[in-house]
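Asker: sequence? don't have it. structure:
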């Protein structure tokens with residue numbers, strides 16, 4: 001997959017009034033944060049960013065071209081208008097080629113689990129894992145095939161196959177996806193059977209109680 005590139009302008013002026021002026025011009029105020037705490041203020045084309053951000057994930061490294069200078073970064077955060085969803089501000093986090101980064105990578109499931117056809121329900125409690133690696137080794141997402149997953153079976157973090165250059169930080173024992181019955185049928189049947197037996201037992205005891213006085217007389 002080719003790297004997403006955003007064209008940006010450097011900006012010196014800051015403040016809410018300047019941000020509003022930028023948005024009226026069809027652009028988005030943004031900041032690129034570096035490892036040493038350095039911040040570069042920029043603005044981006046609103047339509048171009050909205051289109052490009054659709055194809056990326058939290059672990060996607062994008063390129064930002066700012067008047068002849070290039071930055072590689074994650075999209076760290078986007079601030080949106082709560083009414084119409086328009087993007088108001090973007091924070092980027094710059095990465096360096098030879099410096100390892102930590103990131104959360106999303107997991108995407110593929111295939112239809114056998115256990116679902118057997119009456120089970122698929123649960124997906126862990127939808128991303130944390131990894132550490134060099135920027136060029138960072139996966140954009142992880143594909144996990146669940147086709148062979150039967151009822152009462154699960155796939156854990158240890159079952160993910162990644163490059164040796166990628167170190168997984170999430171616990172290996174943590175379950176990612178599992179298939180189980182929606183309700184234990186045998187457990188559900190037990191209370192029903194007990195309720196059915198109770199009236200019969202009560203009915204059998206009644207004649208015995210009635211017969212007791214006759215025997216006494």
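Answerer: Structure received. Remember, it's a predicted structure, so these values are computed and weren't measured experimentally. Numbers count the residues shown, from 1 in each chain.
Asker: CA only for contacts and neighbour counts going forward, please
Answerer: Noted.
Asker: Which residue, neighbours along the chain excluded, lies closest to residue 104?
Answerer: residue 130 (4.3 Å; C-alpha to C-alpha, 6 or more residues apart in numbering).
Asker: So residue 75, which state does it fall into?
Answerer: Following DSSP: H, G, I helix; E, B strand; the rest coil, the label given to residue 75 is strand.
Asker: Let's see the pLDDT reported for residue 98.
Answerer: Per-residue pLDDT puts residue 98 at 89.
Asker: Can I take it that it is in a helix?
Answerer: No - read with three-state DSSP, residue 98 is coil and lies in no helix.
Asker: tell me which element residue 178 is part of?
Answerer: Following DSSP states H and E, one finds residue 178 within strand 175-181.
Asker: what comes up buried for stretch 63-80?
Answerer: 63, 64, 65, 66, 71, 72, 73, 74, 75 (16 or more other C-alpha atoms under 10 Å).
Asker: And for stretch 117-133?
Answerer: For stretch 117-133, by 16+ other C-alpha under 10 Å, it's 120, 121, 122, 128, 129, 131, 132, 133.
Asker: Show me what the closest residue in space to the third one that isn't next to it in sequence is bridged to.
Answerer: If the residues on either side of it in the chain are set aside, residue 122 comes closest to residue 179, at 4.4 Å by C-alpha to C-alpha, 6+ apart. Per DSSP bridges, residues listed as beta-bridge partners of residue 179: residue 122, residue 153.
Asker: just for the chain, where's the confidence low?
Answerer: For the chain, the stretches with pLDDT under 70 are 1-2, 184-217.
Asker: hmm, back to that, could you please name the strands whichever strand or helix holds the residue nearest to residue 104 pairs with and the direction of each pair?
Answerer: Using DSSP H and E, residue 130 maps to strand 128-133. Sheet pairing of strand 128-133 (DSSP bridges) gives strand 101-110 (antiparallel), strand 167-168 (antiparallel).
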